[in-house]
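J.: Have a look at this fold, sequence not included:
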């Protein structure tokens with residue numbers, strides 16, 4: 001069909017719009033796009049879609065970006081045709097359906113109240129948490145770092161990220177609504193307003209080819225990333241410097257946002273001042289590796305393939 005044609009099939013319903021908003025959450029669209037008063041800054045504002053674009057074009061672009069615009073940096077998310085139409089309906093409607101606003105202020109406010117009431121800042125407060133690596137992590141920009149679905153599940157059933165530590169995240173037995181409210185608070189309030197796109201690699205992490213993923217795995221091994229990011233249950237030597245260890249990456253693809261991974265790999269210090277994470281690709285904005293941009297994208301792309309239960313083996 002020609003550009004701007006209406007989506008095929010029946011007209012979009014309120015249910016389609018609701019499902020579309022949930023898909024916006026699931027695929028972490030705000031990691032790159034500004035939307036609903038917050039979000040990324042590296043891609044077009046999604047609030048303007050209804051005034052600028054037609055739903056049919058939006059649906060086809062979401063499903064297969066490069067088929068519509070071969071030069072687009074937009075990653076192919078793997079959204080189904082039906083899901084693409086639902087997202088398009090949510091973005092293109094005259095107004096959001098009742099109760100479907102993805103990040104409503106009231107929910108974020110409830111989450112902030114829970115965050116304070118559970119005294120989360122007592123363990124997670126401050127930007128100096130890097131100075132005590134044996135303790136809980138900094139949550140300053142948690143809305144940029146973690147994918148909403150993973151974060152929601154973690155809050156309801158905390159899992160082990162740094163198995164060598166004695167301190168553990170307590171199970172507060174949050175119900176679905178409470179966990180969702182805390183996540184919405186993180187998504188709306190705890191974001192890095194200085195986050196910027198650094199390069200064309202921004203879209204490459206999730207759109208990596210099998211060859212690129214394979215190269216990323218080779219680089220992951222060459223840089224000995226598992227030395228500091230041991231797999232869950234790995235045997236540690238008695239003389240191991242526990243302060244130098246970092247969370248396992250076994251589920252990086254479902255836990256971390258691609259944009260955050262790229263920013264952190266590119267320049268760790270602005271993200272976590274004082275972190276022991278070394279610069280592998282750039283230093284003060286200058287490449288320190290040949291083909292640094294492609295290598296950065298390859299490692300990030302490989303990390304995005306890692307899911308719970310998968311080993312860190314080379315892809316076939």
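T.: Arrived safely. The structure presented is a predicted model; accordingly, all values stated were derived computationally and were not measured.
J.: So, low pLDDT: which residues of the protein?
T.: For the chain, residues meeting the criterion pLDDT under 70 lie at 1-11, 36-42, 93-105, 126-134, 189-208, 308-316.
J.: tell me the strands in it, going along the chain?
T.: 34-35, 38-39, 282-283, 286-287 (DSSP state E).
J.: For residue 276, which of the ones you listed is the nearest?
T.: strand 282-283 (15.4 Å; CB to CB). For the C-beta atoms, the positions are set from N, CA and C on the backbone; glycine is no exception.
J.: that older thread, tell me which of the strands of the chain sits most buried.
T.: strand 38-39 (a mean of 20; mean count of other CB atoms under 10 Å).
J.: ok, back up a step: would you turn the strands of the chain into a markdown table with distance to residue 47?
T.: What follows is these, written out as a markdown table (distance: least, CB to CB, whole Å):
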| stretch | distance to residue 47 |
| --- | --- |
| strand 34-35 | 6 |
| strand 38-39 | 9 |
| strand 282-283 | 33 |
| strand 286-287 | 36 |
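J.: And residue 211, how far from residue 146?
T.: Separation of residue 211 from residue 146 (CB to CB, to the nearest Å): 29 Å.
J.: Show me which of the two is the more surrounded one.
T.: The residue with more neighbours, out of residue 211 and residue 146, is residue 146; 22 against 10, by other CB atoms under 10 Å.
J.: my read: that one touches residue 256, true?
T.: Yes - assessed by CB atoms under 8 Å, residue 146 is found in contact with residue 256 at 6.6 Å.
J.: that older thread, mind checking the strands of the chain for the one nearest to residue 263?
T.: Here strand 282-283 is closest among the strands of the chain (CB to CB), at 11.1 Å.
J.: and for that closest one, what are the contacting residues?
T.: 266, 267, 288, 292, 296 (CB atoms under 8 Å, 6 or more residues apart in numbering).
J.: what's the spacing between the last one and residue 230?
T.: Shown here: residue 296 relative to residue 230, a distance of 23 Å by CB to CB.
J.: Could you check which of those two is surrounded by more residues?
T.: residue 296 (26 against 21).
J.: Provide a list of residues in contact with the closest residue to that one other than its chain neighbours.
T.: Leaving aside its sequence neighbours, residue 296 sits nearest to residue 281 (CB to CB, 6 or more residues apart in numbering; 4.6 Å). For residue 281, the contacting residues are 265, 266, 287, 288, 289, 292, 293, 295, 296, by CB under 8 Å, 6+ apart.
J.: out of the residues you listed, who has the most neighbours?
T.: residue 296 (26 neighbours).
J.: So it is in contact with residue 261, correct?
T.: No - the criterion here is CB under 8 Å, and residue 296 misses it with residue 261 at 9.6 Å.
J.: Residue 181: neighbouring residues, count only.
T.: 24.
J.: Do I have it right that it meets residue 110?
T.: Yes - assessed by CB under 8 Å, residue 181 is found in contact with residue 110 at 4.1 Å.
J.: what touches both of the two?
T.: With CB under 8 Å, 6+ apart, residue 181 and residue 110 have no common neighbours.
J.: what ranges do the helices span in the stretch 151-300 of the chain?
T.: Applying DSSP state H, counting those that start in this stretch to the stretch 151-300 of the chain gives helices spanning 176-189, 210-222, 225-228, 252-255, 258-266, 268-271, 292-303.
J.: Check which helices and strands the last one sits against.
T.: To tie it back to what came earlier, the one meant is helix 292-303. helix 210-222, helix 258-266 (3 or more CB pairs under 8 Å, 6 or more residues apart in numbering; DSSP states H and E).
J.: In the first one, which residues have enough neighbours to count as buried?
T.: Right, helix 210-222. 212, 213, 214, 215, 216, 217, 219, 220 (16 or more other CB atoms under 10 Å).
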